[in-house]
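Student: Fold the following for me, if possible:
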Amino acid sequence: MVWQYTPYTAPVFLSAVVGLAVATFALAHRDRPGATPLAVFMLAAGVWSFAEGMNLAHADLAGKVLWTKVEIAVSGIVPLAFLALVLEYTGYEEWLRHPLAYVVALEPVVMTAVTFGRPDLVRESVGLTTVGSSRIIAETMGPAYFLHILLSYSAVAVAGALLLRVILFADGLYRAQSTALLVAMFVPLIGNVLYTFDLFPSGIDPTNIGFLFSGVIVAGTILRRQLLDVVPVAREIARDEILESMDDKVIVLDDRDNVADLNAAAVELLDCHKDEAIGQHIDDLFPEVGSLVDDGEKRLQAEFSLERSGARRYYDVRVTPLHRARGVVTGHLVSLRDVTEKRQQRQRLDVLNRLLRHNL
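Tutor: So this is what the prediction gives:
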């Protein structure tokens, strides 16, 4: 066994230490949303960095082949753990219980079996080459590796899209947290793309240096931005609960005035199933409200009557534009409050007032 030292060995091992430290902290708070997948993500990144450090430290081919196999095996866990983290963080954890999720979760197991059982499918050739004073592994990757890369990049892309949604529609703390998580994954991703497609100097894999930045970013976000303490999933759940428990009828319209969501009270008013209402244009579903919706940015308040089942009810209608970043109108929030009793009470008071005035 022959050992060597390269300028990249120390930062790669440091990346492993930082990853393991963050994973340990996350496990200590595993009751928080996203804590367990964050621990798995940082632990896998730490093991990957440690294996890369051992690869760099070995000067013999046998040692490099063994540790690069470990790298390939554990590399499948990192993007899937990150996707699970983002799903829990953003409130889409039900996706983790979908049957397809269990199939996708088997990919690292299959990739590990192929890497150690049929290495020719992962790497078509391996050898040693010398760069400067260091001996590095020279390899030609096979079809199984590129299939593995495709799945990994797809998982990161889905996670990135969910984080971008939070960045665009949230503000303050949640935007800072989501931006930090996005950077934490995409820094090593960019490094991996450069290495995989030979866009970086031979023998240097910047992926694991990227994980060093990931660990620092995640640790800083935990300490300064309350990651694991305050997450948007709590806000989303609270919004859903409030929306469903409201007596007011609430309808959410998209930028084309199609129904995007509505609460149970609105479903009762429309006398149809929720699934039937979603996607319909408001003019077709509820023309009385559709005539009040303004494409502009001004709030609108009005009152109108509606006859249902032979009874006339009166509603106070408020139409509020919904804005995304830079003030662009992305839809409308329509709320209808039943003011029939209040209106009847006002009418009785008016009658009583006229009667008293007449008597006086």
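Student: Could you list the low-confidence segments of the chain?
Tutor: Residues of the chain meeting the criterion pLDDT under 70: 171, 202-203, 225, 228-246, 294-298, 308-310, 323-329, 344, 347-353, 358-360.
Student: for it, what's the longest helix?
Tutor: Looking across the chain with DSSP state H, the single longest helix is helix 143-169.
Student: give me phi/psi at Ile136?
Tutor: Backbone torsions for Ile136, taken as degrees, to the nearest 10, come to phi -130, psi 160.
Student: is it true that it touches Thr129?
Tutor: Yes - assessed by Cβ atoms under 8 Å, Ile136 is found in contact with Thr129 at 6.0 Å. Where you see a C-beta, it was placed from the backbone N, CA and C, and this is true even at glycine.
Student: For the two, indicate the residue with more neighbours.
Tutor: Neighbours per residue, other Cβ atoms under 10 Å: of Ile136 and Thr129, the larger number sits with Ile136, 20 against 12.
Student: circling back to that earlier point, which parts of the longest helix of the chain are buried?
Tutor: 144-145, 148-149, 151-152, 155-156, 158-160, 162-163, 166-167 (16 or more other Cβ atoms under 10 Å).
Student: can you pull the contacts of Met185?
Tutor: Met185 is in contact with Pro79, Phe82, Val156, Ala159, Gly160, Ser214, counting by Cβ atoms under 8 Å, 6 or more residues apart in numbering.
Student: Check the gap between the fourth one and Phe213 for me.
Tutor: The reference is to Ala159. As defined by Cβ to Cβ, to the nearest Å, Ala159 lies at a distance of 17 Å from Phe213.
Student: before we move on, what about the third one?
Tutor: Note on Val156: its distance to Phe213, by Cβ to Cβ, is 16 Å.
Student: any idea how far the helix or strand just after the longest helix of the chain is from the chain center?
Tutor: Using DSSP states H and E, the helix or strand that directly follows helix 143-169 along the chain is helix 172-196. Taking Cα atoms, centre = their mean, to the nearest Å, the mean C-alpha location of helix 172-196 is offset from the chain mean by 12 Å.
Student: Which parts of helix 172-196 count as buried, going by neighbours?
Tutor: Under the neighbour-count criterion of 16+ other Cβ under 10 Å, helix 172-196 has 174-182, 184-189, 191-196 buried.
Student: Residues contacting the helix or strand just after that helix, please?
Tutor: Using DSSP H and E, the next helix or strand after helix 172-196 towards the C-terminus is helix 207-224. Here helix 207-224 makes contact (Cβ under 8 Å, 6+ apart) with 8, 11-12, 14-15, 18-19, 21-22, 25, 38, 42, 45-46, 48-49, 52-53, 176-177, 180-181, 183-185, 187-192, 195, 227-228.
Student: If we use 7 Å, what do you get?
Tutor: By Cβ atoms under 7 Å, 6 or more residues apart in numbering, the residues outside helix 207-224 that reach it are 11-12, 14-15, 18-19, 22, 25, 42, 45, 48-49, 52, 177, 180, 183-185, 187-188, 191-192, 195, 227-228.
Student: one step back: what's the closest of the buried residues of helix 143-169 to Trp67?
Tutor: Lowest distance from Trp67 to the buried residues of helix 143-169 (Cβ to Cβ) belongs to Tyr145, with 16.0 Å.
Student: Please look at the closest one and Val122 and confirm they touch.
Tutor: Yes - counting by Cβ atoms under 7 Å, Val122 is a contact partner of Tyr145 at 4.9 Å.
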